[in-house]
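>>> Quick one, fold the following:
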Amino acid sequence: MLSIVYEALVGILAFIPALVANPGAVIAGGKWRMDMGRNFIDGKRIFGDGKTLSGYAGGIAIGALVGFVSYTIMDHFSMFPYNPGYSYLLFASIILAWGSLTGDLLGSFLKRRMGMAKGQKGNIMDMWPFVVVAFLFSFIFTYPFFMSLYGDFIDIIIILILTPALHRSVNILAYRMKWKDVPW
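Down below sits the predicted model:
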């Protein structure tokens, strides 16, 4: 039982770059709209004003940096199932942060297709695309890392279950700090 709890904790800690990238994007965002104000073929905005290049790049950088620091600490305490090396840990943290923000973009794209306005509560579209795409990118680009941590899929299920509460809590905090216009 203790082994399962420990493995779940390691899996959650290893997902930190993906979890930090979205709040990092809010902090770094605001400059240079990703879609440059353009509409998709359906006549609706591609992403909306809330998705900016500064947020995307800054969120990836913040997620990767925080991830690398946490990975370095985890590696120091031999928490990884194997010794991946520091350059690989940096790469893995970049991939998870990149996947997270790409998933967030996908969620915004889908919300615009459904006619939802910027900031409108999207529930599943706000919560799970960033998790799913982060895992997908990790699977594709850092397969050994992904399989060593998430190969049994238990941690993925735990993270998917915890995401709504974590997402809501972080968004309420960002709203209270006046970094976001809405608390979701």
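>>> and residue 41, that one's in a strand?
No - counting by DSSP: H, G, I helix; E, B strand; the rest coil, residue 41 falls outside a strand, being coil.
>>> list the contacts for it?
Contact criterion C-beta atoms under 8 Å, 6 or more residues apart in numbering gives no residues in contact with residue 41. C-beta here means a position set from N, CA and C on the backbone, and glycine is covered the same way.
>>> Could you check how far it is from residue 110?
When C-beta to C-beta, to the nearest Å is applied, the distance between residue 41 and residue 110 equals 15 Å.
>>> quick one: residue 62 and residue 21 touch, right?
Yes - if you go by C-beta atoms under 8 Å, residue 62 and residue 21 touch, sitting 6.8 Å apart.
>>> More neighbours: which of those two?
When residue 62 and residue 21 are compared on other C-beta atoms under 10 Å, the one with more neighbours turns out to be residue 21, at 33 against 21.
>>> For the helix or strand that contains residue 63, give me every contacting residue.
When elements are assigned from DSSP states H and E, residue 63 belongs to helix 53-76. The contact list for helix 53-76 (C-beta under 8 Å, 6+ apart) reads 10, 13-14, 16-34, 80, 83-84, 86, 89-90, 92-94, 96-98, 100-101, 105.
>>> distance between that helix and the chain's centre?
Put simply, helix 53-76 sits 11 Å off its chain's centre (C-alpha atoms, centre = their mean, to the nearest Å).
>>> Pull out the buried positions in it.
Within helix 53-76, the residues scored as buried using 16 or more other C-beta atoms under 10 Å are 54-68, 70-71, 74.
>>> and what of stretch 74-83?
By neighbour count, and taking 16+ other C-beta under 10 Å as the criterion, the buried residues in stretch 74-83 are 74, 79, 80.
>>> okay, those in CSV with pLDDT and distance to residue 153 next?
Conversion of these to CSV gives the following (pLDDT from 0 to 100; distance: C-beta to C-beta, whole Å):
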residue, pLDDT, distance to residue 153
74, 90, 20
79, 85, 19
80, 81, 18
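>>> and of the residues you listed, the nearest to residue 181?
Among these, residue 74 lies closest to residue 181 (C-beta to C-beta), at 34.9 Å.
>>> in this protein, which spans are strands?
In the chain, no strands are defined using DSSP state E.
>>> could you give the mean pLDDT of the helix ranked longest in it?
Of all the elements of type helix in the chain, the one with the most residues (DSSP state H) is helix 86-113. Throughout helix 86-113, pLDDT has a mean value of 93.
>>> still on that earlier bit, can you tell me which of the contacts of helix 53-76 are classed as buried?
Buried among the contacts of helix 53-76 (16+ other C-beta under 10 Å): 10, 13-14, 16-26, 28-29, 33-34, 80, 84, 89-90, 92-94, 96-98, 100-101, 105.
>>> Having no further points to raise, I will conclude here.
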